[in-house]
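Novice: Generate coordinates for the sequence data below:
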Amino acid sequence: QVQLVESGGGLVQPGGSLRLSCAASGFTFSSYVMRWYRQAPGKGREWVAFISGDGGTTSYADSVKGRFTISRDNAKNTVFLQMNSLKPEDTAAYYCNALLSSRNYWGQGTQVTVSS
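Specialist: Here you go, the predicted structure:
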């Protein structure tokens, strides 16, 4: 079955960096777009970044453009989110997402807290 497992979250000071990972299994990883979303307390889930199956196309929400970088390693079935220049408003649970046959799959999420 499809599984997505995020890791790499934690507590970081403003201006710091974190690298999130999402290990995927149960499908042909390299054939699918992968996305990162986030959800802050009391808010809806927000799309953060997108990467094509071959990694050649990426896109970002305006709120993270220039600070976050999405990448993937198809040999390891893993997608990454490098987050730099973190701000308190980046505090959220971060989720990776795969859309397979019109069904959304989500990981359990990893918490990122940006605070001094």
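Novice: now the residue most central in space within the chain: how far from Ser21?
Specialist: The centroid of the chain falls nearest to Trp36 when counting by CA atoms, centre = their mean (3.2 Å). Note on Trp36: its distance to Ser21, by CB to CB, to the nearest Å, is 11 Å. Heads up, the C-betas are built off the backbone N, CA and C, glycines and all.
Novice: Name the residues contacting each of the two.
Specialist: Listed as contacting both Trp36 and Ser21 by CB atoms under 8 Å, 6 or more residues apart in numbering are Val79.
Novice: now Gln3: how far from Asn97?
Specialist: The spacing between Gln3 and Asn97, counted by CB to CB, is 13 Å.
Novice: neighbour count winner among the two?
Specialist: Asn97 (20 against 12; other CB atoms under 10 Å).
Novice: bridging residues for that one?
Specialist: Bridge pairing for Asn97 (DSSP bridges) gives the partners Arg35, Trp106.
Novice: ok, back up a step: what residues are up against the residue nearest to the centre of the chain?
Specialist: Contacts for Trp36 (CB under 8 Å, 6+ apart) come out as 20, 22, 47-49, 70, 79, 81, 94-97.
Novice: How about it: what's its closest non-neighbour residue?
Specialist: In space, and not counting its chain neighbours, Trp36 is closest to Val48: 4.4 Å by CB to CB, 6 or more residues apart in numbering.
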